[in-house]
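> Sequence below, structure please.
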Amino acid sequence: MITIGLFYGSTTGNTEESAMAIAQALRTVQGVAVDIHEISTKTVGAIVNYDRLIFGVPTWDVGELQSDWDMVLLKLQSLNFTGKMLALFGHGDSIGYPDTYQDAIGILGTACLEQGADLVGWWAADGYKFDESQALMEGMFMGLALDDNETEKAADRIQAWVEQLIVEFALLTLEDA
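Sure thing, here's the model as predicted:
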């Protein structure tokens, strides 16, 4: 059994809803379990129990981490992520904050990369309208970007991203592929 640790922070409920949808989609893969943790109620130390991780982080205010993630960032930066695969997803507002769109993914992703994480789940920025993002590297977001102004696209984006993670997390055996 492969167990994925999915940790999220959510103020409005959007990121929580997406976390549940991602977990549900991953649980359809035989031999995969997903433990869901709201980061505000878990110790950061629980993260080390998983080799495959998903972090859900919305961008809040003007390019800031959501408050639950902001409170644990320093502790997170003390963890060793070597040997851990990490996928990120986040919610953002490309209309209200086009200059800081999905910055929280970039902030968290950069911190985890510095601690040795193997970042997977990169997502193409094609089709998004924004000006700047700390989550962007060479035309790719460091994780799945969900736009609160495009809720009609969320389910399809989540499904495509989960299919990508199934491959990148090596969740299928050769017999299953």
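> Let me know whether residue 66 touches residue 15 as I believe.
Yes - between residue 66 and residue 15 there is a contact under Cβ atoms under 8 Å: 7.4 Å. In this view, the C-beta of every residue, glycine as well, is placed from N, C-alpha and C.
> list residues touching both of these two?
Shared contacts of residue 66 and residue 15, defined by Cβ atoms under 8 Å, 6 or more residues apart in numbering, are found at 9, 57-58.
> Residues touching the helix of greatest length in the chain, excluding its own?
The longest helix of the chain (DSSP state H) is helix 154-168. Identification of contacts with helix 154-168 by Cβ under 8 Å, 6+ apart yields 18, 21-22, 25-26, 29, 54, 85, 87, 89, 120-121, 123, 144, 146, 171-172.
> Give me the buried subset of these.
Neighbour counting over the contacts of helix 154-168 (16 or more other Cβ atoms under 10 Å) leaves 18, 22, 25-26, 29, 54, 85, 87, 89, 120-121, 123, 144, 146, 171 as the buried ones.
> all helices of the chain, in order?
Using DSSP H, helices in the chain cover 14-26, 67-76, 103-114, 154-168.
> and the first one, what other elements does it pack with?
Think helix 14-26. strand 2-8, strand 32-38, strand 52-56, strand 85-92, helix 154-168 (3 or more Cβ pairs under 8 Å, 6 or more residues apart in numbering; DSSP states H and E).
> same thing with the second one?
Secondary structure elements in contact with helix 67-76, counted by 3+ Cβ pairs under 8 Å, 6+ apart, are helix 103-114.
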